[in-house]
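Q: fold the stuff below for me.
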Amino acid sequence: MSAPSPVADANLSSRSRTLQLLGIFSGITAGAWLGAAEAPTKLVTVGFSPMVISLVMVMGVFLARWSLPALILGTSSIRADASRAPHLIIWAILAGCLWAVANTLTVYAIRDIGLSIAFPLWNSNSLLGILWGFLFFNELRGAGLSRWLGVLGGTLVMCVGAAILAIASGGAHTAGANPAHGILAALGAGALWGTMYIPYRKAYLSGINPLSFVTFFTIGEVAMMSALSFGTLGAQQLFAELHSARGVIFWLMLGGFIWVIGDLFQQYAAKYVGISRGIPLSNTNQLWGLLWGVLVFGELHGRSATTYSQVIGGSLLMILGVGAIAFSSATGQESAQWRAAAQRESVRYGISSDFIEARLDGRQSAGESAPSRSLLDWCFVALATGVFIYFACIAKVPNIPANWGPAALLASLSLVLLVACGVYLWRVTRFQ
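A: Coordinates of the predicted model:
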């Protein structure tokens, strides 16, 4: 076999750099939308069971995860991916179950120790993601000392910044009766969220489209969240609370829909820069959530100058950490290690190596049919739209003061990132 020409090597290197830049951009966009997802839930008056709030948000997530892939690529692409690697359906459902359990643990963590302590603890998922990426998927192998320092150091700096922000924004909380339980719940949530990315990376090294993966992911979310809700509250109490909450269901479902948009970009970040870089970049959602809380809902109004200094300092640290990770792109040696991990998946599950190679490069493989939309796809989109319209018609706007100028600005910035990153994804990969 002849060696590849220098021109081919140069083209591959250029394509690799483009995809890494796309992954970084996707991670930053994910952070903005995952943070924005907190805004609709802020509009909901406190008083409903956390289980009900989580369940309704998951219903919004479910509608989004089936309608958006159907709209973008069509269910024919999802069926084709499932037939090539049916084992990944189980991995996707398992990841959804892990997410639902972790999300429930955060409810108890916030109750017992408050957000100021809980948030930095579950942000340990970034460090765990680096560990799993290195152990299982050859991430950061052959990367060199400077890349290691950039990724690991940037992640640690982000964790410190996140802790400072959380302390500044949550200092008024009084610990619950079981602080030890709260700490364990927060650490458990971080461990589950960090581990949840193993199926993500496994799927994308096998060539599965992120839009296909999240479609099956949500089955695990809904099943686990339903089991937790019925098991905790019982059917009678659950339905009674859902009926009493019907006026705010729209806002909760909207929060779930916005979260899915952020999560889709997070999936592309995990695919093109790996979980060791993708998780920390998307964890900037805490910074965006703080901006919504401070600027729109006035959460720090009347706080001391020390608090505002902590907010500014923590924000700068998070930005520095993001910069360090963004500039620590994968080297040629590390990219070769990724491809070796992908070939291992190819052999293990009998997937065409040409297909996997094409999907790693963000393109369709030779002979693969172009995505198309059928009547079924438009039915999914129409059904999801109809459900949202129905609950919007019966929704009530809670009487919570908000500054609409900053809200419009933050929403506009999020939309700019959505359009810019979405167009970039389309041009480079056609959402592959």
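Q: centroid residue for this protein?
A: For the chain, the residue nearest the mean C-alpha position is residue 263 (3.3 Å; CA atoms, centre = their mean).
Q: surely that residue and residue 31 touch.
A: No. With contacts counted by CB atoms under 8 Å, residue 263 stays clear of residue 31, the gap being 11.2 Å. Where you see a C-beta, it was placed from the backbone N, CA and C, and this is true even at glycine.
Q: before we move on, the earlier item: and the residue nearest to the centre of the chain, which helix or strand is it part of?
A: Using DSSP states H and E, residue 263 maps to helix 249-273.
Q: check which helices and strands that helix sits against.
A: Helix 249-273 is packed against helix 6-36, helix 38-42, helix 50-72, helix 179-205, helix 210-233, helix 275-282, helix 375-393, helix 404-429, with contacts defined by 3 or more CB pairs under 8 Å, 6 or more residues apart in numbering; DSSP states H and E.
Q: now for the closest residue to residue 98 other than its chain neighbours: which residues touch it?
A: Of all residues not flanking residue 98 in the chain, residue 196 sits nearest, at 4.4 Å (CB to CB, 6 or more residues apart in numbering). Shown in contact with residue 196 (CB atoms under 8 Å, 6 or more residues apart in numbering): 95, 98, 99, 102.
Q: residue 225 versus the first one, what's the distance?
A: Note on residue 95: its distance to residue 225, by CB to CB, to the nearest Å, is 14 Å.
Q: and if you look at residue 295?
A: Using CB to CB, residue 295 is found at 31 Å from residue 225.
Q: so where's this protein uncertain?
A: Scanning the chain for pLDDT under 70 picks out 1-12, 40-48, 110-111, 114-120, 166, 168-178, 299-300, 367.
Q: ok, residue 69 - contacts?
A: Residue 69 neighbours (CB under 8 Å, 6+ apart): 75, 77, 78, 211, 212, 214, 215.
Q: now the third one: which helix or strand?
A: Meaning residue 78. Element membership for residue 78, per DSSP H and E: helix 75-84.
Q: and after that helix, which helix or strand comes next?
A: In the C-terminal direction, the helix or strand that comes right after helix 75-84 (DSSP H and E) is helix 87-113.
Q: centre of the chain to that following helix, how far?
A: 13 Å (CA atoms, centre = their mean, to the nearest Å).
Q: how about stretch 75-89?
A: 21 Å.
Q: and stretch 336-350, what's buried?
A: Of all the residues in stretch 336-350, those buried under the rule 16 or more other CB atoms under 10 Å are 337, 338, 339, 341, 342, 345, 346.
Q: hmm, residue 62 and residue 217 touching each other?
A: No. Counting by CB under 8 Å, residue 62 is not a contact partner of residue 217; they are 10.2 Å apart.
Q: hang on, the earlier thing: ok, so of the buried residues of stretch 336-350, who is nearest residue 288?
A: Checking the buried residues of stretch 336-350 against residue 288 with CB to CB, the nearest one is residue 338 at 28.9 Å.
Q: quick one: contacts for that closest one?
A: 137, 138, 139, 205, 274, 330, 360.
Q: before we move on, which element is it in?
A: helix 332-349.
Q: can you dump the C-alpha coordinates of that helix into CSV?
A: The C-alpha coordinates for helix 332-349 follow below in CSV (Å, rounded to 0.1, in the frame of the first residue of the first chain):
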residue,chain,number,x,y,z
GLY,A,332,-1.9,14.9,15.2
GLN,A,333,-0.8,12.1,17.5
GLU,A,334,-3.9,12.4,19.7
SER,A,335,-6.2,12.4,16.6
ALA,A,336,-4.5,9.2,15.5
GLN,A,337,-5.2,7.7,18.9
TRP,A,338,-8.9,8.7,18.5
ARG,A,339,-9.0,6.9,15.2
ALA,A,340,-7.4,3.8,16.7
ALA,A,341,-10.2,3.8,19.3
ALA,A,342,-12.8,4.1,16.6
GLN,A,343,-11.3,1.2,14.6
ARG,A,344,-11.5,-0.9,17.8
GLU,A,345,-15.3,-0.2,17.9
SER,A,346,-15.5,-1.1,14.2
VAL,A,347,-13.9,-4.5,14.8
ARG,A,348,-15.9,-5.1,18.1
TYR,A,349,-19.3,-4.5,16.6
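Q: much appreciated, bye for now.
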